[in-house]
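> predicted model, plus sequence, below.
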Amino acid sequence: MITRNNAGLIVVDIQGKLASLMAGGDAYIEHCCALISGAKILNLPIIWLEQNPEKLGETHPKIANLLADITPITKYTFDAFREPVFMQTIEHESKAHWLVCGIEAHICVYQTCSSLLLNNYQVHLVGDCIASRNADNKQLAITKLQQLGAHITGLEMSLFELVKDCRDEHFKAILNLIK
């Protein structure tokens, strides 16, 4: 089970025109914004990835604004684990569980999550915060990652799992994110 002490968030490549082409469109971006905002309210470490930003463009403005206090890790491989800065950052954070959101589910999200699992991290794939241009490709990524041992969760499920109690000081702020 994820807790504030054992979990962090990885934001994968929500960039450029590609971000606007995802199945789910604006609702997808809003879900990711809510997840990132929730992670910030709960003081989770956040790792921000950008795939070849010179070619794919910058992170979607709504996402980038939320992450303005974090430096993105630039990568050129689909699997972030092949990027030494990512590996150093993940080790430095010392979290066993990682929530993951981003695009494209069947490429960069899939390959990064596969490596996380192979390196004994627990992956919590936030199903309504990952996307592909084609919904079938998103489902394929979820199926394969689940077979590899990833936990499938959702925006609301993960945030309330982290809050645990309606008396928590952050409960109302989290509740407002999903209303």
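Everything's here; your move.
> which residues of the protein score low on pLDDT?
Within the chain, no stretch has pLDDT under 70.
> how far away is I47 from Q147?
24 Å (C-beta to C-beta, to the nearest Å). All C-beta atoms are positioned from the backbone trio N, CA, C, and that covers glycine.
> neighbour count: the two, which is higher?
I47 (22 against 8; other C-beta atoms under 10 Å).
> nearest residue to Q122 other than its sequence neighbours?
Closest residue in space to Q122, ignoring its immediate chain neighbours: H97 at 4.4 Å, by C-beta to C-beta, 6 or more residues apart in numbering.
> I10 belongs to a helix?
No - counting by DSSP: H, G, I helix; E, B strand; the rest coil, I10 falls outside a helix, being strand.
> leaving out sequence neighbours, find the closest residue to I90.
Nearest to I90 is I47, by C-beta to C-beta, 6+ apart, at 6.8 Å.
> contact partners of the helix or strand the one you found falls within?
Following DSSP states H and E, one finds I47 within strand 46-51. For strand 46-51, the external contacting residues (C-beta atoms under 8 Å, 6 or more residues apart in numbering) are 8-13, 15, 36, 39-40, 56, 58-59, 67, 70-76, 78, 80, 86, 89-90, 93, 102, 108, 112.
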